[in-house]
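Colleague: Fold the following.
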Amino acid sequence: MHSLTIAGPHGAIPIRVYPATDTDAGPTPALVWAHGGGFAWGDLEMPEAHWVSQELAARGTTVISVDYRLAPVSAALTDSEPSRAGVLFPVASEEIAAVFRWAVEHAAEFGIDADQLSLGGASAGADLAAGVALRLRDGGGAQPASLLLAYPLVHSALPHPASELAQKIAALPADARFEPDDVRAMNLNYVGDPAELGNPYAFPGGHELAGLPPTFIVNSEHDSLRASGQAFAAELALAGVDVTVCREPGTRHGHLNEPDNPAAHASIRRMAAWLDTRDRLPAVDLRR
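Modeller: Numbers count the residues shown, from 1 in each chain. Reported below is the predicted structural model:
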């Protein structure tokens, strides 16, 4: 692992590069990865960042984990910790875009196949990744080979759950649910201005998605936010984007933060299989 700091549009950006270890000689696939944390929490040490990066690197993908600047913590979000200053959209989005472009430029230095450089994240980090993919699509230049989204929240308002999911949400304890009002408060805390809730780079769900790269989505089974991941998969398909979506059985939101959970390892295998697919066919054998 290499800890680096690179120049970004809003100052220095700390990153970690996890070189692929289980690979033959030659350039490797790579992934620019953004952890979750409701836009306001999280760091490079959390399992969703560090453990995930280690596991994917051990399976042949070089991972670049991004320590993007966080949104503020306010009383509207939590009463269990002091308020903390932070940054608003588009800072984190622009930082992740900058890291992706940096990875393209420096691919040879780290043995990366620049044509197999993907972009991804978990939860709020998945939203950041999807928004950056739209930003890169519209800006021209290098594009991600694929998108890898773990239990994403990519809509400014949480979509209504289907009956199957609604029953699972109802069975969750209150502290494990994401209520629509809570999701709106979290999203508004990220963008600051209510008008920005409609910005496709902030929340891509419900916007024009044509031209995005092939996308893999892994959702948690018992998770209010699965409504967003499932809706986004349908939107991608309707836009003509190749999409593979799965539901990890028995999991709650954030299960990649649980390295002792066998289901987290199952998701890692799914993610690694997707990243190992050099030709990006929409049908991926996830039984390995």
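Colleague: I'd say Thr28 and Thr62 touch.
Modeller: Yes - shown here, Thr28 and Thr62 form a contact pair, counting by CB atoms under 8 Å, at 5.1 Å. All C-beta spots, glycine's among them, are computed from the backbone N, C-alpha and C.
Colleague: So which of the two has more stuff around it?
Modeller: In this comparison of Thr28 against Thr62, neighbours counted by other CB atoms under 10 Å, the higher total goes to Thr62 at 28 against 23.
Colleague: joint contacts of Thr28 and Thr62?
Modeller: With CB atoms under 8 Å, 6 or more residues apart in numbering applied, the overlap between the contact sets of Thr28 and Thr62 consists of 19-20, 111-112.
Colleague: can I get these in TSV with secondary structure and distance to Cys246?
Modeller: Written out in TSV, the entries for those read as follows (DSSP: H, G, I helix; E, B strand; the rest coil; distance: CB to CB, whole Å):
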residue	secondary structure	distance to Cys246
Pro19	coil	28
Ala20	coil	24
Gly111	coil	30
Ile112	strand	26
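Colleague: got a winner among these for most neighbours?
Modeller: Counting by other CB under 10 Å, Ile112 has the largest number of neighbours within the shared contacts of Thr28 and Thr62, with 24 neighbours.
Colleague: Next up, the contacts around it.
Modeller: The neighbourhood of Ile112, defined by CB under 8 Å, 6+ apart, consists of 27-30, 62, 103.
Colleague: where do the helices sit along the stretch 1-150 of the chain?
Modeller: Defined through DSSP state H, counting those that start in this stretch, the helices belonging to the stretch 1-150 of the chain, from first to last, are 50-58, 91-105, 124-139.
Colleague: most tightly surrounded among those?
Modeller: Ranked by average neighbour count under the criterion mean count of other CB atoms under 10 Å, these are headed by helix 124-139 at a mean of 24.
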